Every structure is written in C-alpha cells, then in structure tokens.
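Engineer: got a structure for you, letters missing:
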C-alpha cells in the first residue's frame with residue numbers, strides 16, 4: 001500500500017519493490033568473504049551457496065585477483081497432463097576483486113572449492129620500491 005512519507009515510509013518504496021520477493025532467489029549470502037592475515041600470506045574464504053565448481057572462475061591480472069560466479073536455476077512444475085502449472089527461471093552473476101600485488105603469479109595462489117565454499121591461499125610477496133633510493137654526494141664548501 002502506498003503511504004506518504006509522513007508515516008515513516010517513502011511513497012515509492014512498495015511501488016518499485018519486487019512484488020514476489022519471497023519467491024525471488026536469495027542472494028544475501030552470496031560472496032560473503034573472510035580474509036585472514038597469516039605469517040605466510042592471506043587466507044580468503046568466500047561463500048558461494050548454490051554455485052557449482054565449474055561456474056566459478058578466478059583470474060589474476062595486473063595485480064588484481066577477480067573471482068566471478070555464475071548461477072542458473074530453473075523450477076518447472078507440471079500437472080498430470082504435462083502442462084506447466086508454474087515455470088520459474090533465475091540467472092545471475094557476480095564478481096569481486098582484490099589487490100594481491102604485482103609480484104604474485106597464478107602458480108603462487110592455491111584454490112580449493114568444497115561444499116559451496118571457495119578457499120584461496122595467497123602468499124605475501126615483498127614489494128620492491130617503485131623508486132630507487134637516491135644517493136647524494138656531500139658537497140664541501
């Protein structure tokens with residue numbers, strides 16, 4: 001029901017809201033990430049519920065590691081005659097990027113996907129200074 005903002009709600013909150021929210025796909029737990037700093041590197045744990053291993057991709061480019069996931073699902077319900085009573089489809093994708101440094105290569109990163117959880121071990125690499133330290137000559141006088 002549309003109510004003016006004097007009742008504590010925006011006039012258009014319900015108007016632009018998805019009318020069947022309870023039936024829509026729940027993506028609230030998708031790609032929640034924990035990053036743990038260890039002595040040797042970083043342990044990244046990412047929740048990917050309902051996503052299959054083959055639908056997860058990890059890419060390393062210019063020091064950024066990008067993790068992307070694609071999810072497709074379909075729910076078909078038919079009656080005794082084989083006619084559709086309900087047919088719903090959901091398709092979605094998401095991605096996250098993390099800066100891991102220019103010194104890290106694909107071979108350095110270890111990844112494991114198990115029970116809807118992606119675990120990555122990213123080693124720490126020492127960054128080389130971008131500019132060399134300048135050495136000055138003492139001038140007498």
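Structural biologist: Sure, I can see it. Just so it is clear, the model here is predicted, and its values are computed rather than measured.

Engineer: Run a quick neighbour tally on residue 99.
Structural biologist: 10 (other Cβ atoms under 10 Å). Yep, even glycine has a C-beta here, placed from its N, CA and C like the rest.

Engineer: Just to check, it is in contact with residue 62?
Structural biologist: No - using Cβ atoms under 8 Å as the test, residue 99 is too far from residue 62 to be in contact (9.3 Å).

Engineer: Check residue 37 and give its pLDDT.
Structural biologist: Residue 37 is assigned a predicted lDDT (pLDDT) of 93.

Engineer: and it, bridged to which residues?
Structural biologist: residue 42 (DSSP bridges).

Engineer: For it, give its distance to residue 47.
Structural biologist: When distance is defined by Cβ to Cβ, to the nearest Å, residue 37 is 19 Å away from residue 47.

Engineer: Name the residue most distant from the centre of this protein?
Structural biologist: Computed with Cα atoms, centre = their mean, the residue of the chain farthest from its C-alpha average is residue 141, at 62.3 Å.

Engineer: How many residues are close by residue 79?
Structural biologist: For residue 79, the neighbour count with other Cβ under 10 Å is 8.

Engineer: got the contact list for it?
Structural biologist: Neighbouring residues of residue 79 by Cβ atoms under 8 Å, 6 or more residues apart in numbering: residue 85.

Engineer: Likewise for the one 10 residues further on?
Structural biologist: Going by Cβ under 8 Å, 6+ apart, residue 89 touches 72, 73, 74, 75.

Engineer: State the distance from the nearest residue to the first one once chain neighbours are set aside to residue 77.
Structural biologist: Read that as residue 72. Excluding the flanking residues, the one nearest residue 72 by Cβ to Cβ, 6 or more residues apart in numbering is residue 91, at 4.9 Å. According to Cβ to Cβ, residue 91 and residue 77 sit 19 Å apart.
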